[in-house]
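Participant: Curious how this folds, go ahead:
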Amino acid sequence: MHYNLPMRLIFIITLLLFSANGLSQDKKFDERWYFNVNAGAVVPDDSLQLNDAKIFDFRVGKAMSEVWSYEIVGFADEYDFDIDYGLKHTGVGINFLDINQDPLWKPYFLMGVGLIRHETQDESGTNLYFNVGIGGSWYFFGDNVRLRAEAVSRLDLNDTKLPGQDGFGDGVFTVGLTIPLGN
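Facilitator: Okay, here's the model as predicted:
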């Protein structure tokens, strides 16, 4: 399989982050694991001539310090061509969040990397993707559940072997809930 090297790299980075998490001595941040469920829309690259897509993702994350967090993300989106010819993406990745710990809300800058699989009736393949974005979360119920909104630019390194058709940039807009695990 041609995607073993990027998958191993993501696995190694994840292990390093888990081990580095135990070395942190700063206790001014919420050390609990959290999960996040989002829904939203994908605005596709203009060169694809597609309609907008629905996207759903699930994330599990943890703070590494007062400023930095990481999260493992799994997502699925589905485009609908006008002639009912569907393009589906599924993916897994890791995001790093640089969070401003404002008392009223928590704005953040996000960067991530992962693998994305595309499937149509005629072909499928797996490629590396990168994303950068901004977002914020607001306490929704007390000090636990937070409402989260995010805008991300996702670059899919799809190599179609066609001139001018390598790599696609999509806009991903999501809203969801972040729920901490434990006390």
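Participant: Give me the contacts around stretch 173-183.
Facilitator: With contacts defined as C-beta atoms under 8 Å, 6 or more residues apart in numbering, stretch 173-183 is touched by 30, 32-43, 55, 57, 137, 140, 144-152. Every C-beta, even on glycine, is put in place using the N, C-alpha and C of the backbone.
Participant: The same query, at a cut-off of 6 Å, please.
Facilitator: Defining contact as C-beta atoms under 6 Å, 6 or more residues apart in numbering, one finds that stretch 173-183 is touched by 32-38, 40-41, 137, 144-146, 148-151.
Participant: Out of those, which sit inside strands?
Facilitator: In strands, judged by DSSP state E, the following of the contacts of stretch 173-183 are found: 34-38, 40-41, 137, 145-146, 148-151.
Participant: By neighbour count, sort out the buried ones in these.
Facilitator: Taking 16 or more other C-beta atoms under 10 Å as the criterion, what is buried in the ones in strands among the contacts of stretch 173-183 is Tyr34, Asn36, Asn38, Gly40, Ser137, Arg146, Arg148, Glu150.
Participant: Report the two members of the residues you listed separated by the largest distance.
Facilitator: For these, the farthest-apart pair by C-beta to C-beta is Tyr34 and Gly40; their separation is 18.6 Å.
Participant: Now do the residue most central in space within the chain against Leu104, distance only.
Facilitator: With distances taken as C-alpha atoms, centre = their mean, Val73 lies nearest the centre of the chain, 5.3 Å away. Taking C-beta to C-beta, to the nearest Å as the measure, Val73 falls 26 Å from Leu104.
Participant: cool, and Ile94?
Facilitator: Distance from Ile94 to Leu104, by C-beta to C-beta: 28 Å.
Participant: Please apply the same query to Asp57.
Facilitator: For Asp57, the distance to Leu104 - C-beta to C-beta - is 25 Å.
Participant: Just the helices from the protein, written as ranges.
Facilitator: Applying DSSP state H to the chain gives helices spanning 4-21.
Participant: can you list the weak-confidence ranges in it?
Facilitator: For the chain, the stretches with pLDDT under 70 are 1-28, 45-51, 80-85, 159-167.
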